[in-house]
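Participant: Got a predicted structure plus its sequence, pasted below:
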Amino acid sequence: MTTIAVPRWRGTSVLNQIGILTGRSVRALVSDPKLMIFSLLQPLIMLLLFSQVFSGMAGTSSFPAGVSYIDYLMPAILVTTGVSAALQSGIGLVTDMKNGVLARLRSLPVNNMSVLVARSLADLTRTALQLAILLVAAVALFDFSPAGGVLGVLPAYLLALAVSWALSWIFLAVGAWVRNAETMQTVGFLAMFPLMFASSAFVPVDSLPAWLRVVATINPLTYAVDASRNLALDMPVGGGVVGALAASAGLLVVGVFAAVRGFRRPIAS
């Protein structure tokens, strides 16, 4: 009797896997609008508080002439909100590890890289929607009207997304290695707050104390904020955008490598 060899099914292509897994995560986001609402509260509250607390900075010698504080602040809020949103990538990965989703996926012919890329793309989609809503709210509620107009704000928006996506891979790497939501949040906040507040995000670097000015000058977030702000305000950009994108690319490469290595480790039951 002749035995017919049945080829083993090895799953669909990596691109199809990424599309299916990304769609799954995006549908989960759409089905839970409360998550989007609460994620918008923090940047809106920051926009309200900082626009009132630091509004007196406008018109000082260290502040750009003829620029309102809200126009100065909003591009930075785009970048810092993107940084905060990137943290959710790592937390989401840890959550999927704990609730058994990734264990089920590992029993299927699913490429590990597909899982990580899908997670990053789903979170990038969420961040893009979040920043778009934030921009609409800034225009409608805070009279955000920078000199660069739409042609300046759009590249600033895209730059914030690029920075956010690169950092999401760093947090994916942290999540893949620590595998604990509480530790993930602690590491994330310890990294984010120095980056956000020891930078040019909320006040000009020249107005900071001398020691903090040194920190802000070497802070990579300062370059992203300055580039985003100069685009929105129609100011000379110089090499700021290239520098911010180059730094993001470097973080992306490191994050992808570390995330893949960490994700390959067995998931503890």
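Facilitator: Cool, got the structure.
Participant: how many neighbours does residue 52 have?
Facilitator: Each residue near residue 52 was counted by other C-beta atoms under 10 Å, and the total is 10. C-beta: built from backbone N, CA, C; applies to glycine.
Participant: got it, and residue 207?
Facilitator: With other C-beta under 10 Å as criterion, residue 207 counts 15.
Participant: again with residue 16
Facilitator: Neighbour tally, residue 16, other C-beta under 10 Å: 11.
Participant: Just list the residues touching it, thanks.
Facilitator: Shown in contact with residue 16 (C-beta atoms under 8 Å, 6 or more residues apart in numbering): no residues.
Participant: I'd like to know which elements the helix or strand hosting residue 155 is packed against.
Facilitator: Secondary structure from DSSP states H and E places residue 155 in helix 149-178. Packing partners of helix 149-178 (3 or more C-beta pairs under 8 Å, 6 or more residues apart in numbering; DSSP states H and E): helix 69-98, helix 112-142, helix 181-197, helix 220-232, helix 240-263.
Participant: Next, format those helices as TSV and append distance to residue 162 and mean pLDDT.
Facilitator: TSV is the format used below for those (distance: least, C-beta to C-beta, whole Å; pLDDT from 0 to 100):
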stretch	distance to residue 162	mean pLDDT
helix 69-98	9	89
helix 112-142	10	90
helix 181-197	16	83
helix 220-232	9	92
helix 240-263	5	91
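Participant: nearest spatial neighbour of residue 138, skipping sequence neighbours?
Facilitator: residue 144 (3.8 Å; C-beta to C-beta, 6 or more residues apart in numbering).
Participant: tell me the centre residue of the chain?
Facilitator: In the chain, the residue lying closest to the centroid (C-alpha atoms, centre = their mean) is residue 164, at 2.4 Å.
Participant: pLDDT score for the residue nearest to residue 138?
Facilitator: Reported pLDDT at residue 144 in the predicted model: 92.
Participant: wait, doesn't it sit right on residue 74?
Facilitator: Yes: using C-beta atoms under 8 Å, residue 144 is in contact with residue 74, at 5.0 Å.
Participant: Give me the common contacts of these two.
Facilitator: By C-beta under 8 Å, 6+ apart, the residues touching both residue 144 and residue 74 are 135, 138.
Participant: More neighbours: which of those two?
Facilitator: Higher neighbour count among residue 144 and residue 74: residue 74, with 27 against 23, using other C-beta under 10 Å.
Participant: pretty sure the more buried one is in contact with residue 232, am I right?
Facilitator: Yes: contact criterion C-beta under 8 Å: residue 74 and residue 232 qualify, at 7.1 Å.
Participant: Between these two, which contacts overlap?
Facilitator: What both residue 74 and residue 232 touch, as defined by C-beta under 8 Å, 6+ apart, is the set residue 146.
Participant: what residues are up against the residue nearest to the centre of the chain?
Facilitator: 82, 83, 85, 86, 124, 127.
Participant: hmm, try it at 7 Å
Facilitator: 82, 83, 85, 86, 127 (C-beta atoms under 7 Å, 6 or more residues apart in numbering).
Participant: how close does it get to residue 240?
Facilitator: 17 Å (C-beta to C-beta, to the nearest Å).
Participant: next one: residue 144
Facilitator: 21 Å.
Participant: One more: residue 224?
Facilitator: 8 Å.
Participant: between those two, who's got more neighbours?
Facilitator: Of the pair residue 224 and residue 240, residue 224 is the one with more neighbours under other C-beta under 10 Å, namely 36 against 21.
Participant: Would you confirm that the more buried one contacts residue 78?
Facilitator: No: using C-beta atoms under 7 Å, residue 224 is not in contact with residue 78, being 9.7 Å away.
Participant: returning to what we had before: closest to residue 211 out of the helices and strands packed on helix 149-178?
Facilitator: helix 181-197 (13.0 Å; C-beta to C-beta).
Participant: now the angle from the closest one to helix 220-232?
Facilitator: 60 degrees (axes from the mean of the first three to the mean of the last three C-alpha atoms, to 10 degrees).
Participant: who's in contact with the helix or strand just after helix 181-197?
Facilitator: Next along the chain after helix 181-197, taking DSSP H and E as the criterion, comes helix 210-218. With C-beta under 7 Å, 6+ apart as the test, helix 210-218 has contacts from 198, 199, 200, 205, 208, 222.
Participant: Alright, that wraps it up for me.
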